[in-house]
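K.L.:
Fold the following.
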Amino acid sequence: MTAHPSTPLTRRAIAGLAAGILLLAACSAGGAAGPTSPGAGNGSGASGGAASSATNAGSGGGAAGCANPAGATVGAVVGADASMLAGVICGMPDVDPCAYLDPASVQALFAVTLDAPTTDHLGNCTWPLTDPSVGDGLAVVVNVGQGEGPLDTDMGMGGATTAISGIGDKASWQLLAGYFPHLGAVKGDTTCELTVGGGNAQLNVARSGTGPLAGIDPSAVPGFMAKLGQLCNQIFAGLVKGGPPPSQAASQTTPQPKVDPCSLLTPADVQPLFKAALGAPQSPLTGECDWALSDLSKGDGGLTLHVDRSQAGLAQDMVLAPQMTSLSGVGDSAKWGLAVGVDPLLIATKGAHGCELAVTGDLAQLNVATVAGIYTTIDPSALAGFIQQLGGLCTTVFAGLGS
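P.N.:
As a prediction, this is how the structure comes out:
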């Protein structure tokens, strides 16, 4: 079954169906679905899962001879509906918008390092950050042959738009909720939609105010949108040529292997900080490890470790502490403070590596003298010793990182 422009199922609808099938397959297998793109477009939650599992699915007898990895992935899921949908997808071109983008042009828009992009091969791709705690990076949605309807719908949901020239045949931009950059462009029968998700601290642009929720300086918005729109021009040009630019393979950097932050500290390292037993550490985000009490009825105290966090991320957290004090003997440089005037926060660097430790929750659960009040605080006479203990953990982290 081959998809044609007259097929009732649009690319967006097909992407949504594929995402749903892949999600059900992941849940039934006890696995986790791929990350959902922050973009408003095709509704594809399969952006990570489809790309990573396509090879295995194709070799497992899913959709034999399927030229689109997304079709091979869906075809591997048992069921008549999946087989029908796989046939449709296999007849669709393998569209990866990020393959047409110059990585340096994308990186120039961000103040933090970008990771490798992921795609669902159906016109959706996401360019995440290596430090996902700062933001969600860039989401790209491209549709060919469907007209402007889907893009107009997305732009209409974001409120008022501003026209911008020099991008495709026509283009407009908006700040979703007055905050998130969102741009849509049209060239011929192709539409391009770009959405920045997460805090503006991730962006290489002037901001108004300080802190993690600072908005883009109004005077800097038009210039940023013009640069953002040039990414759509790159995609339009690439699609006309019929393939990624030859420089893409050479310029695309290979991400370095990531260290599991929870492997850098043992229970024996962290448990002495707490009175009650800690549960097994969890790593909800790349570069982050969280420890919490195993019995939450005893309190919600915990400790969070960030490894090699971006400068933007560190600066974002330092805003939480009204005053940072230098600490000697830990890495090349270390500072500590009390987030919101209460919770200990330590940030240290050594060589190219970083270590950030933040105490969270009820401080009464810490194995240190405290002072009761509206908020429990660490006894000032015991604070210096506790900070030294945190510094010792960072020293252990640096040793594990080989720095």
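
K.L.:
just for this structure, where's the confidence low?
P.N.:
1-65, 67-68, 70-93, 242-257, 312, 316, 403 (pLDDT under 70).

K.L.:
Let me see the ranges of the helices in it.
P.N.:
Using DSSP state H, the helices assigned to the chain run over residues 11-28, 49-59, 69-75, 80-90, 103-107, 149-157, 221-241, 247-251, 267-270, 311-318, 380-401.

K.L.:
Pretty sure residue 115 is one of the things residue 107 touches, is it not?
P.N.:
No: taking contacts as Cβ atoms under 8 Å, residue 107 lies outside contact range of residue 115: 10.7 Å. Quick note: C-beta positions are derived from backbone N, CA and C, even for glycine.

K.L.:
contacting residues around the residue most central in space within the chain?
P.N.:
Centre of the chain computed as the mean C-alpha position; nearest residue by Cα atoms, centre = their mean is residue 136, 3.5 Å away. Residues counted as contacts of residue 136 (Cβ atoms under 8 Å, 6 or more residues apart in numbering) are 38, 126, 128-129, 196-198.

K.L.:
Residue 238 against residue 100, yeah?
P.N.:
Yes: if you go by Cβ under 8 Å, residue 238 and residue 100 touch, sitting 2.9 Å apart.

K.L.:
got the end-to-end distance for stretch 296-314?
P.N.:
29 Å (Cα to Cα, to the nearest Å).

K.L.:
wait, stretch 174-190
P.N.:
20 Å.

K.L.:
what do you get for stretch 161-177?
P.N.:
Stretch 161-177 end-to-end distance (Cα to Cα) = 12 Å.

K.L.:
Now it: buried residues?
P.N.:
Neighbour counts over stretch 161-177 (16 or more other Cβ atoms under 10 Å) mark 161, 164, 167-168, 171-176 as buried.

K.L.:
Skipping adjacent residues, who's closest to the residue nearest to the centre of the chain in space?
P.N.:
Spatially, and ignoring its direct neighbours in sequence, residue 136 is nearest to residue 197 (3.4 Å; Cβ to Cβ, 6 or more residues apart in numbering).

K.L.:
Likewise for residue 128?
P.N.:
Per Cβ to Cβ, 6+ apart, closest to residue 128 is residue 137, 4.3 Å.

K.L.:
That neighbour: what's it in contact with?
P.N.:
38, 110, 114-115, 126-129, 196-198, 202.

K.L.:
Run a quick neighbour tally on residue 307.
P.N.:
Residue 307 has 24 neighbours, counted by other Cβ atoms under 10 Å.

K.L.:
Quick check: bridge partners of residue 307?
P.N.:
Listed by DSSP bridges, the beta-bridge partners for residue 307 are residue 355.

K.L.:
Hmm, residue 397 and it touching each other?
P.N.:
Yes: contact criterion Cβ under 8 Å: residue 307 and residue 397 qualify, at 6.6 Å.

K.L.:
Now do the shared contacts for the two.
P.N.:
Taking Cβ under 8 Å, 6+ apart as the criterion, residue 307 and residue 397 both touch 261, 264, 353, 355.

K.L.:
So which of those wins on neighbours?
P.N.:
residue 355 (30 neighbours).

K.L.:
That one is in contact with residue 398, isn't it?
P.N.:
Yes: under the criterion of Cβ under 8 Å, residue 355 makes contact with residue 398 at 6.4 Å.

K.L.:
anything in contact with each of those two?
P.N.:
With Cβ under 8 Å, 6+ apart as the test, residue 355 and residue 398 both reach 331, 348.

K.L.:
any idea how far the nearest residue to residue 306 once chain neighbours are set aside lies from residue 394?
P.N.:
Using Cβ to Cβ, 6+ apart and skipping residues adjacent in sequence, the residue nearest residue 306 is residue 356, 4.0 Å away. Separation of residue 356 from residue 394 (Cβ to Cβ, to the nearest Å): 8 Å.

K.L.:
Quick check: closest non-adjacent residue to residue 218.
P.N.:
Per Cβ to Cβ, 6+ apart, closest to residue 218 is residue 208, 7.0 Å.

K.L.:
quick one: contacts for that neighbour?
P.N.:
214-218.

K.L.:
which residues sit against stretch 289-308?
P.N.:
Residues from elsewhere that reach stretch 289-308, judged by Cβ under 8 Å, 6+ apart: 131, 133, 259-262, 264-265, 270, 273-274, 276-279, 281-284, 287-288, 313, 352-366, 393, 397, 401.

K.L.:
that older thread, can you lay out the shared contacts of residue 307 and residue 397 as CSV showing distance to residue 227?
P.N.:
Formatted as CSV, these follow (distance: Cβ to Cβ, whole Å):
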residue, distance to residue 227
261, 33
264, 38
353, 31
355, 34
